[in-house]
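Student: sequence plus predicted model, see below.
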Number of protein chains: 2
Amino acid sequence: MAAALEDTGVTYEELQDLEAEFEDVEAELLRQQVKLNKPLYEKRSKLISRIPNFWPLVIEQAPPEIDEYIQPSDAALLLSSLTSLSVSHFEIENGGTGDPRSIAIRWEFSENDYFEDKVIEKKFWYRRAKDGWSGLVSEPVDIRWKKGKDLTNGLLGMVKRVWDEEQAAKGKDGKSEEVTEEQKALQKKIENTGISGLSFFAWFGYVGRRVSAEDSRLSIEQEAKKRELRAEDKTTEEADEEEDDGSQDEFEYEIFPDGNDLAVAISEDLWPDAITYFIHAQEQDTLSDDEFESDDEEAPELIEAGARTLEERPAKKRRT
Amino acid sequence: MAAALEDTGVTYEELQDLEAEFEDVEAELLRQQVKLNKPLYEKRSKLISRIPNFWPLVIEQAPPEIDEYIQPSDAALLLSSLTSLSVSHFEIENGGTGDPRSIAIRWEFSENDYFEDKVIEKKFWYRRAKDGWSGLVSEPVDIRWKKGKDLTNGLLGMVKRVWDEEQAAKGKDGKSEEVTEEQKALQKKIENTGISGLSFFAWFGYVGRRVSAEDSRLSIEQEAKKRELRAEDKTTEEADEEEDDGSQDEFEYEIFPDGNDLAVAISEDLWPDAITYFIHAQEQDTLSDDEFESDDEEAPELIEAGARTLEERPAKKRRT
């Protein structure tokens, strides 16, 4: 039943340009949101630092989009050792004028049996490719696993080595077409690793599309120019031809293909709603303790307080 | 594993008050968002008014949270006769200082076999109850069905009559405990109507909790006062005792219990992302036309244009 758009005098470009205007407004609102919420997140950090196990309890209640990636062995590590989690919009902090959609997710751990690191941070840059795609890209972050304790079974270290090798080659401008030993080994490892049992910690190896800051800047500039020309009703056909199909810049050795979605779920759900998840955890715990007790006088304060004030989940998850 | 909150020195009230501060920021941002997006939505309305079947095509692509409520007979009506859909934040329009979360959803129809109405609008008010609950409440909106064409099978008209009866009784302050004939009939009808085949149009009968504007105003005032006292570290135990448990203000004759969720899905998903859904519809249509054609030269423009520019779904759905 679709009416052919060309019969209407409305073009895809008009629709897209309007969508782009909406996106610009969104980005501006996000900028304001980060600014307005900053003191509140600082207050929250102080408050929850007094609650032992706050973040492990939140992780236990994580929504399916996050929970599905946490294997039992990941959970054992996270629940015993995660001391802090935080999300920052690092490109607009301290007066920065970058993209408000870029995020850094920082995990802090206590001394544990699995790795040496106390802090592991993964950054995601919001970038635009020449073909019009935009989204989050990242770089592999290695973890210093203790002997025999690597939950990714070597995968994370391998992807980091392949990445470093590539970066070094790029520096020398020796873009070799040859597949290196490291790449071969990683490829084989990926083929032999089932996605189903993949550790959550492989997420630190996510790369996404390889769009550099410079590529992104040029794409944004180019698109702005085209939009302007279209607004003046000038054709931009010749510009369109420059576009490639984007398939070349996919990272070939992706070990965690949904890494960007998981980052978004953490930053737009787990992080802003952490107190709600924490209260759920408390209620569940209290419920399981008291399920079979019928004496009203012993009814725990926690349930009452929680039930009364735990409002419906905010319809819009806008907090960052 | 939950640590008992009382051992930490942090109280539920502190956590809740902080959540409330975050919510205040959200409401303020929504206010700005509505303002900034206003000219863009006006532009969009103009643009899409030139595309026949724009809204039916969008409805066809509606996400599961909406689609699950649309029966085949509802679809027949919507796809043939819906000419316009719009969402407004009516409490903050034209300089209004009400709640930005209140929404009106307006449906416009062409002459059709089902009902006389050209415009059906349903309003949802964002209110706060004494027990701390907050959310959307509404009033039944009747539809002037043509003879034998009522998709709700009389349900919508009945709930409207029960509502009107109640409102009239309230005016006379004669809050009778007796169940009226209309109420009895509606109760029986609800019991005999399976939820599974329920028409989408029963949504116009959604009421939700009965929290009046005045109740809401008082609850907000009371809560603000309590927050203030808590901020000054004064106990508010006595105030807490005034709270009721909220069970009395549930509308007993609810014919569409998820009506508020559906309203939110329309206003925060279908409405802001309408162009994306429309482009999906175009692509699907073109795909099904050309699926078995392999000649590249005949590859439809639409797919190329769409595929190139149809970006990932915006991570945050913040547009209203």
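Tutor: Looks like it arrived, so ask away.
Student: which neighbours does the top strand by length along chain A have in its sheet, and in what orientation?
Tutor: Ranked by number of residues, the top strand in chain A under DSSP state E is strand A:119-128. Here strand A:119-128 has these sheet partners by DSSP bridges: strand A:103-109 (antiparallel), strand A:134-138 (antiparallel).
Student: redo those strands as a markdown table? Include distance to A:Asp164 and mean neighbour count.
Tutor: No exception for glycine: its C-beta is placed from N, CA and C like everyone else's. Compiled in a markdown table, those are given as follows (distance: least, Cβ to Cβ, whole Å; neighbours: other Cβ atoms under 10 Å in any protein chain shown):
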| stretch | distance to A:Asp164 | mean neighbour count |
| --- | --- | --- |
| strand A:103-109 | 20 | 19 |
| strand A:134-138 | 15 | 22 |
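Student: burial check on the residue nearest to A:Ser134 when sequence neighbours are not counted, number of neighbours?
Tutor: Distances taken as Cβ to Cβ, 6 or more residues apart in numbering or on different chains put A:Arg128 closest to A:Ser134, at 4.2 Å, once the chain neighbours are dropped. Neighbourhood size, A:Arg128 [other Cβ atoms under 10 Å in any protein chain shown]: 21.
Student: packing partners for the helix ranked longest in chain A?
Tutor: Ranked by number of residues, the top helix in chain A under DSSP state H is helix A:12-49. With contacts taken as 3 or more Cβ pairs under 8 Å, 6 or more residues apart in numbering or on different chains; DSSP states H and E, helix A:12-49 sits against helix A:213-231, helix A:274-290, helix B:12-49, helix B:274-290, helix B:301-309.
Student: quick one, the fourth one and helix A:12-49 angle?
Tutor: In this case it means helix B:274-290. Calculated by axes from the mean of the first three to the mean of the last three Cα atoms, to 10 degrees, helix B:274-290 forms an angle of 130 degrees with helix A:12-49.
Student: what residues sit buried inside helix B:274-290?
Tutor: B:274-286 (16 or more other Cβ atoms under 10 Å in any protein chain shown).
Student: just these that are near chain A?
Tutor: B:275-276, B:278-279, B:281-282, B:284-286 (Cβ under 8 Å from any Cβ of the partner chain).
Student: of the residues you listed, which is the nearest to chain A?
Tutor: Ranked by distance to chain A (Cβ to the nearest Cβ), those are led by B:Asp285 at 3.5 Å.
Student: export the buried residues of helix B:274-290 to CSV and tack on distance to B:Glu42 and pLDDT?
Tutor: Output for those, formatted as CSV (distance: Cβ to Cβ, whole Å; pLDDT from 0 to 100):
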residue, distance to B:Glu42, pLDDT
B:Ala274, 14, 98
B:Ile275, 14, 97
B:Thr276, 19, 96
B:Tyr277, 20, 96
B:Phe278, 18, 96
B:Ile279, 20, 93
B:His280, 24, 91
B:Ala281, 23, 91
B:Gln282, 23, 88
B:Glu283, 27, 85
B:Gln284, 28, 83
B:Asp285, 28, 74
B:Thr286, 29, 72
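Student: make JSON lines from these and add distance to B:Trp203 to it.
Tutor: Listed next are these as JSON lines, based on distance: Cβ to Cβ, whole Å:
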{"residue": "B:Ala274", "distance to B:Trp203": "19"}
{"residue": "B:Ile275", "distance to B:Trp203": "24"}
{"residue": "B:Thr276", "distance to B:Trp203": "23"}
{"residue": "B:Tyr277", "distance to B:Trp203": "19"}
{"residue": "B:Phe278", "distance to B:Trp203": "22"}
{"residue": "B:Ile279", "distance to B:Trp203": "26"}
{"residue": "B:His280", "distance to B:Trp203": "24"}
{"residue": "B:Ala281", "distance to B:Trp203": "23"}
{"residue": "B:Gln282", "distance to B:Trp203": "28"}
{"residue": "B:Glu283", "distance to B:Trp203": "29"}
{"residue": "B:Gln284", "distance to B:Trp203": "26"}
{"residue": "B:Asp285", "distance to B:Trp203": "28"}
{"residue": "B:Thr286", "distance to B:Trp203": "32"}
